[in-house]
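J.: sharing a model that was predicted from the sequence below.
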Amino acid sequence: MAASTYTLPPLPYAYDALEPHISAQIMELHHSKHHQTYITNLNAALKSQAEAVHTSDITTQVSLQQGIRFNAGGHINHSLFWQNLAPANSAEAKSSAAPKLVKQIKATWGDEQKFREAFKAALLGIQGSGWGWLVKVETGNEHRLSIVTTKDQDPVVGNGEVPVFGVDMWEHAYYLQYLNGKAAYVENIWSVINWKTAEERFVGTRADAFKVLKASM
Amino acid sequence: MSSTLMRSSALRSALRASAPKASTRAGLAGTSFVRGKATLPDLPYDYGALEPSISGKIMELHHDKHHQTYVTSLNNFSEQIAEAKAKEDIQAQIALQPLINFHGGGHINHTLFWENLAPKNQGGGEPPSGKLSQAINDGYGSLEGFQEKFNVALAGIQGSGWAWLVQDTQTGNIQIKTYANQDPVVGQFRPILGIDAWEHAYYLQYQNRKAEYFKAIWDVVNWKAAEKRLK
């Protein structure tokens, strides 16, 4: 009857590795405090849920769902986010590390610049807290790319949806460095996108994209 | 900010700052319009006046940048929706409505928020009296009991939003409600007291320790302004 317990995945780089685009102070708070809090709250909610299942308490189970969605979403989103960032001077941070993905981006948006403009507009259009994602949507034997925004910590977990990369638009992701200047954050984030990870998620399956979560059980 | 703008009553100052034809309807007292344009209302106290509860830097960015952006965007989208109405373009009007809600809500919420805060030497943190005090004691046992419930509501907001003490316009009863993003308190409910739970309201000072912000803000709540909103 014991519920799964999730743990904070280690960052694949040092807190200061994304400087000057994202400050070490932001990264440390974001990873060791914010992400940790989602995990702590998720584990508590899952424990309560396991007890409610055990006692066949359906009303408690339903009342726990929104908290599970929010905190699990926070864990899923941040786990994917850390992996789809990389130090600016690394080979992974160049879009040349994602030849197949870039080909499809060009086929969809015309060129890479137009895609970036569309993605930036989507990010800046978020009202309140949320995320912007590039998503691979599988439809039968075909797949297409789509820019998707999600509110709060809603994760990209729909049928056939593979999150390729995501950008956190909560104020805690940039405020200590960029203050109200979120357009500058949205501009600078391109320097630290991990295109190698993006390519792997694009050519892989949903299970591949989410494997970082399995490792944290 | 010049000292002439520092007045004892936040509500009165916001009223004075508004244009002659501004609506004085409850809850919108401080929303000022000049020739149909929304303008940033002056703060009724200095940026540093709410320290140590809220830092001067937070107050300056929050008022001068964030609130100003809502005002600018509201005016921009109001103009666009007026054009769409003139052209009888119903699709464009509907597409603009969420933007009016968001930026108009941001303007309304912040205007009310500045009014319902005050420095300690201008009555900040002094407990409510009269009808509002009675209603709080009836509903929550005590002011402390109310604040505890209010802070639980604030802490439970998932993402950006506000918590409000509202009055039901049908029954006259008061209750605590949370609103997502910049959704304003309109319709059935009347705003009495609002606390901003967006991260920009506290992050520079409190970072992820938002419970500390929720605790500290009661020292600068202007209950006199809240009382005047209650009908």
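T.: Right, received. Where do you want to start?
J.: gap between the closest residue to B:N137 other than its chain neighbours and chain A?
T.: Leaving aside its sequence neighbours, B:N137 sits nearest to B:L143 (Cβ to Cβ, 6 or more residues apart in numbering or on different chains; 7.6 Å). Any C-beta I mention is one placed from the backbone N, CA and C, and that applies to glycine too. As defined by Cβ to the nearest Cβ, to the nearest Å, B:L143 lies at a distance of 29 Å from chain A.
J.: and B:L143, what pLDDT?
T.: With respect to pLDDT, B:L143 scores 98.
J.: mind listing what it touches?
T.: B:L143 sits next to B:127-128, B:133, B:136-137 when contact means Cβ atoms under 8 Å, 6 or more residues apart in numbering or on different chains.
J.: show me where chain B has its strands.
T.: Residue ranges of the strands in chain B, as given by DSSP state E, are B:32-34, B:37-39, B:161-168, B:174-180, B:189-196.
J.: how about residues contacting stretch B:75-93?
T.: Applying Cβ under 8 Å, 6+ apart, the set of residues contacting stretch B:75-93 from outside is B:36-38, B:96-97, B:99-100, B:103-104.
J.: output it as PDB - backbone C-alpha positions only.
T.: Taking C-alpha atoms only, stretch B:75-93 is exported to PDB below (Å, rounded to 0.1, in the frame of the first residue of the first chain):
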ATOM      1  CA  ASN B  75      -5.400  51.500 -22.700                       C
ATOM      2  CA  ASN B  76      -4.000  49.800 -25.700                       C
ATOM      3  CA  PHE B  77      -6.500  47.000 -25.800                       C
ATOM      4  CA  SER B  78      -9.400  49.300 -24.900                       C
ATOM      5  CA  GLU B  79      -8.600  51.300 -28.000                       C
ATOM      6  CA  GLN B  80      -8.500  48.100 -30.100                       C
ATOM      7  CA  ILE B  81     -11.800  46.900 -28.700                       C
ATOM      8  CA  ALA B  82     -13.400  50.300 -29.400                       C
ATOM      9  CA  GLU B  83     -12.200  50.100 -33.000                       C
ATOM     10  CA  ALA B  84     -13.500  46.500 -33.300                       C
ATOM     11  CA  LYS B  85     -16.900  47.700 -31.900                       C
ATOM     12  CA  ALA B  86     -16.900  50.600 -34.400                       C
ATOM     13  CA  LYS B  87     -16.300  48.100 -37.200                       C
ATOM     14  CA  GLU B  88     -18.800  45.700 -35.700                       C
ATOM     15  CA  ASP B  89     -16.100  43.000 -35.800                       C
ATOM     16  CA  ILE B  90     -17.500  40.600 -33.200                       C
ATOM     17  CA  GLN B  91     -14.600  38.100 -33.500                       C
ATOM     18  CA  ALA B  92     -12.000  40.700 -32.700                       C
ATOM     19  CA  GLN B  93     -14.100  41.900 -29.700                       C
END
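J.: need the contact list for the closest residue to B:G161 other than its chain neighbours.
T.: Using Cβ to Cβ, 6+ apart and skipping residues adjacent in sequence, the residue nearest B:G161 is B:A180, 4.8 Å away. Contact partners of B:A180, counting by Cβ under 8 Å, 6+ apart, are A:128, B:157, B:159-161.
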